[in-house]
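Colleague: sequence and computational prediction follow.
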Amino acid sequence: MNFITDAAAKAIKHLYNTDIAAGDIGLQETRKEFEGQITIVTFPFTKFSKKSPEQTGHEIGAYLQNELKEVAGFNVIKGFLNISLSDDYWVNSLYNEILPDDFAVFQPNGKKVMVEYSSPNTNKPLHLGHVRNNLLGYSVAEILAAAGYEVIKTNLVNDRGIHICKSMLAWQKFGNGETPESSGLKGDHLVGKYYVLFDKAYKSQAAELKAAGQTEEEAKKNAPIIREAQEMLQKWEAGDKEVISLWKTMNAWVYAGFEETYKRLGVNFDKFYYESNTYLLGKDIVDEGLQKGVFFRKEDNSVWIDLTNEGLDQKLILRGDGTSVYMTQDLGTAQLKYDDFHMDKSIYVVGNEQDYHFKVLFTILKKLGKKWAGGLLHLSYGMVDLPSGKMKSREGTVVDADDLMDEMEQTAKEQTEAMGKVDGFTEAERLELYHTIGMGALKYFLLKVDPKKRLLFDPNESVDFQGHTGPFVQYTHARIRSVLSRAAVSSISKTNIPAKFDPEERDVIVTLSKFPEMIEQAAEGYSPAIVANYVYELAKTYNKFYHEKSILQAEDETTKQFRLQLSIASGKVIKKSMALLGIEVPERM
RNA sequence: GGCCCCGUAGUUCAAUGGAUAGAAUAGAAGUUUCCUAAACUUUAGAUAUGGGUUCGAUUCCCGUCGAGGCUACCA
């Protein structure tokens, strides 16, 4: 649609002798009740046209119609210039944009982007919050790839630290040598079980000490089990053989569990980073910062940066005893990632509770003069809350990812069977279908919401399968497939397509033609929600169209051709956009 | 206290500063001779509040109220 804004800018230059950037001219879809497909709002131009909005619209419209063969006509209502594009234009966009195999895939733009997401802790299984993170990260990576970037998906695994020791210690104490094999539990769930057990034991010990007269703070510090965990962490850092061996064993259990969950979710990674390898990084950056005078040292030898000029606080970079903090490590890891890949952009998919941390991180890197720091972006998303409040792994009040996926598939099974949809299916086909539908419902449910908004999830109300949902879109696609197979057409040749479009169908085609723009827009804003909401609108339009046409004009030859054409186009858009979101589309359901 | 984010139908979500604020669910009433009713049709229902900016504000700015987050020598 750039050609319209370009021409409109020229029109304004020609008519009113005013320079205006084509990008500043807003296009929007014409509302259904008016004639035309594309609308330019002319109110802003009246400042320099010195004419009424209507007259300005007429003048620009006449210019466009005269200059552009694609513009078939226009009408003006108040400050709205509604443009009708020619049938040729729509036919061409069908051939040139939608039917080619590389539909909605942009040429490589030569830029590299890293998307870091998931970033689990190895002391507990994944929960619903991680699911949102994983789906956002994965779909953003796919959207960027479709928009022409070379994408590197990374996962920074938090595999060390006091919380890992807690699970390990509890397993040593209460585990009796339990393994995933002996217990039949998935590895990550087994380890998570001991993390919860630790917390229980810790709480009861702290309560005892408190009853014995200690303050709450003292009790929390002095509980024997937390001391033991701290000792274990020190042993780990010292490379103690026994501790390291236990750590490796339990982490291996967790990784096996994660792999299963990732696979089921349909996400993957190109590169793993482990904090056990990166937690000592960043000290050279501290030296660099001190040398450049960006950081300063306090009397107790700790290192700080003063960001009060940026509206932030003073922030600790290195402890007085020379050990790292979170920030030290992240500074080092950022440098490591850049050295490994030299990417133009790097996106961190991390919850909004860490907004402050990333603001500080990016500011520091810029102050250090890292030229790549400008490409860093925190894709911040809202927490997933339950009606009862925040999820807490320690207290076991979480919606577990594996359980959730089980439930989704179970619901898909029940509803599908109740509708008698799978009578001719083999057992394997059924299972695959339940998985596709269940996961489609879950993914769509999480992705259609603006990432930055907090998301409320009620476990007692199952995720909808009807209405504005993944299964609805999947169903639309399946129905289109069905049309195509009955018509025995797998592709469409130019001669089959009538040159004329009925206005009603044209409305649909207008929508279709916008899809590549949507991808660019989504890539720019890193928002799967844009793609998701769009494809739903499309599916709905198709359904309405299908009902009206099939009932009223089933025998009309022209209409059949339109329908077929529309089916191919919308089936393609739906399939493509679902793929971008990481949602599978079934051939039939 | 300081900083950040968010307040839209009963509920869950939409709306680059543009036309009559859209959907879906839940509610009410209908539609299976049709390429598959996971669908379709009809109906009722919302911008927290007070100012400001402008041709025009859900959107931008300021205040108030409300919810959440951050404000660790945890990660």
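Modeller: Nice, I can see it.

Colleague: which element is the residue in the stretch 401-550 of chain A positioned nearest to RNA strand B on?
Modeller: Relative to RNA strand B, the nearest point of the stretch 401-550 of chain A is residue A:467 (2.2 Å; C-beta to the nearest atom of the strand). The way it works is simple: take the backbone N, C-alpha and C, and place the C-beta from them, glycine included. If you go by DSSP states H and E, residue A:467 is not part of any helix or strand.

Colleague: and the most centrally placed residue in chain A, what does it touch?
Modeller: For chain A, the residue nearest the mean C-alpha position is residue A:136 (2.1 Å; C-alpha atoms, centre = their mean). Neighbour list for residue A:136: A:117, A:349, A:379, A:381, A:446-447, A:451, A:528 [criterion: C-beta atoms under 8 Å, 6 or more residues apart in numbering].

Colleague: repeat that for residue A:570.
Modeller: Counting by C-beta under 8 Å, 6+ apart, residue A:570 has contacts A:476, A:480, A:508, A:512, A:538-539, A:541-542.

Colleague: and the buried ones among those residues, selectable in ChimeraX?
Modeller: Selection of buried members from the contacts of residue A:570 for ChimeraX, criterion 16 or more other C-beta atoms under 10 Å:
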select /A:476,480,508,512,538,539,541,542
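
Colleague: turn the contacts of residue A:570 into TSV, columns for distance to residue A:49 and pLDDT.
Modeller: Listed next are these as TSV, based on distance: C-beta to C-beta, whole Å; pLDDT from 0 to 100:
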residue	distance to residue A:49	pLDDT
A:476	44	92
A:480	46	87
A:508	35	64
A:512	34	75
A:538	36	87
A:539	41	89
A:541	36	83
A:542	40	84
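
Colleague: could I get the pLDDT score of residue A:386?
Modeller: At residue A:386, the pLDDT value in this model is 79.

Colleague: who's it bridged to?
Modeller: residue A:389 (DSSP bridges).

Colleague: for it, what are its contacts?
Modeller: Residue A:386 touches A:397, A:399, A:456-459, counting by C-beta under 8 Å, 6+ apart.

Colleague: quick check: chain neighbours aside, which residue is closest to the closest residue to RNA strand B within the stretch 51-200 of chain A?
Modeller: Nearest to RNA strand B, among the residues of the stretch 51-200 of chain A, is residue A:80, at 3.6 Å (C-beta to the nearest atom of the strand). Sequence neighbours aside, residue A:39 is the residue nearest to residue A:80 in space, at 5.4 Å (criterion: C-beta to C-beta, 6 or more residues apart in numbering).

Colleague: interface residues of the stretch 351-500 of chain A facing RNA strand B?
Modeller: Counting by C-beta under 7 Å from any atom of the strand, the stretch 351-500 of chain A comes close to RNA strand B at A:352-357, A:382-383, A:390, A:412, A:415-416, A:419, A:421, A:433, A:437, A:448-450, A:452-456, A:464-469, A:471-472, A:475, A:478-479, A:482-483, A:486.

Colleague: and the buried ones among these, selectable in ChimeraX?
Modeller: Command for ChimeraX that selects the buried part of those, burial taken from 16+ other C-beta under 10 Å:
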select /A:352,357,382,412,415,416,421,433,437,448,449,455,465,468,469,471,472,475,478,479,483
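
Colleague: the worst-scoring helix or strand of chain A on mean pLDDT: what's the following helix or strand?
Modeller: Least confident helix or strand of chain A, by mean pLDDT, DSSP states H and E, is helix A:503-513 with a mean of 63. Scanning forward in sequence from helix A:503-513 by DSSP H and E, the next helix or strand is helix A:515-525.

Colleague: what residues does that next one touch?
Modeller: The contact list for helix A:515-525 (C-beta under 8 Å, 6+ apart) reads A:1, A:97-98, A:104, A:106, A:143-144, A:146-147, A:149, A:528, A:530-531, A:534, A:573, A:576-577, A:580.

Colleague: contacts with RNA strand B among those, please.
Modeller: Of the contacts of helix A:515-525, the ones that also sit near RNA strand B (C-beta under 7 Å from any atom of the strand) are residue A:530.

Colleague: residues of stretch A:369-388 that come out buried?
Modeller: Neighbour count says stretch A:369-388 has A:370, A:372-373, A:375-382, A:384-386 buried, by 16+ other C-beta under 10 Å.

Colleague: report the distance from that stretch to the chain centre.
Modeller: Centroid separation between stretch A:369-388 and its chain, computed with C-alpha atoms, centre = their mean, to the nearest Å, is 12 Å.

Colleague: what does the stretch 151-300 of chain A have sitting close to RNA strand B?
Modeller: Going by C-beta under 7 Å from any atom of the strand, the residues of the stretch 151-300 of chain A near RNA strand B are A:158, A:161-162, A:275, A:279, A:298, A:300.

Colleague: go again using 6 Å as the cut-off
Modeller: A:158, A:161-162, A:275, A:300 (C-beta under 6 Å from any atom of the strand).

Colleague: returning to what we had before: max pairwise distance over the contacts of residue A:570: which two?
Modeller: Using C-beta to C-beta, the two most remote members of those are A:476 and A:512, lying 13.3 Å apart.

Colleague: could you measure from residue A:87 over to residue A:3?
Modeller: 17 Å (C-beta to C-beta, to the nearest Å).

Colleague: with residue A:334 instead?
Modeller: 41 Å.

Colleague: neighbour count: those two, which is higher?
Modeller: Comparing residue A:334 with residue A:3 by neighbour count (other C-beta atoms under 10 Å), the higher total belongs to residue A:334, at 23 against 12.

Colleague: wait, that one sits on residue A:366?
Modeller: No: between residue A:334 and residue A:366 there is no contact under C-beta atoms under 8 Å: 11.4 Å.

Colleague: could you look up the SS state of residue A:380?
Modeller: Following DSSP: H, G, I helix; E, B strand; the rest coil, residue A:380 is assigned to strand.

Colleague: residue contacts, it?
Modeller: Applying C-beta under 8 Å, 6+ apart to residue A:380 gives the contacts A:350-352, A:354-355, A:358, A:451-452.

Colleague: measure how buried residue A:267 is and give me the count.
Modeller: The burial count for residue A:267: 22, using other C-beta under 10 Å.

Colleague: same check, this time on residue A:151
Modeller: When counting by other C-beta under 10 Å, one arrives at 21 neighbours for residue A:151.

Colleague: which intervals of chain A have sub-threshold pLDDT?
Modeller: A:389, A:393-396, A:488-510, A:548-561 (pLDDT under 70).

Colleague: in it, which spans are strands?
Modeller: A:27-29, A:38-41, A:71-77, A:80-85, A:112-116, A:150-157, A:271-274, A:295-297, A:303-306, A:314-318, A:345-351, A:376-381, A:384-385, A:455-456 (DSSP state E).

Colleague: deepest of those strands, which one?
Modeller: strand A:112-116 (a mean of 24; mean count of other C-beta atoms under 10 Å).

Colleague: neighbouring strands for that strand, and are they parallel or not?
Modeller: Applying DSSP bridges, strand A:112-116 is found paired with strand A:150-157 (parallel), strand A:345-351 (parallel).

Colleague: and RNA strand B, is stretch A:35-42 touching that?
Modeller: Yes: Stretch A:35-42 reaches RNA strand B (C-beta under 6 Å from any atom of the strand) through A:39, A:41.

Colleague: contacts for stretch A:438-449?
Modeller: A:131-132, A:135-136, A:139, A:264-266, A:404-405, A:408-413, A:455, A:463-465, A:468-471, A:473-474, A:528-529, A:532-533, A:536, A:578, A:581-585.

Colleague: buried ones only from those residues, please, as a ChimeraX command.
Modeller: In ChimeraX, this line selects whichever of those come out buried by 16+ other C-beta under 10 Å:
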select /A:131,132,135,136,139,265,404,405,408,409,411,412,413,455,463,465,468,469,470,471,473,474,528,529,532,533,536,578,581,582,583,584,585
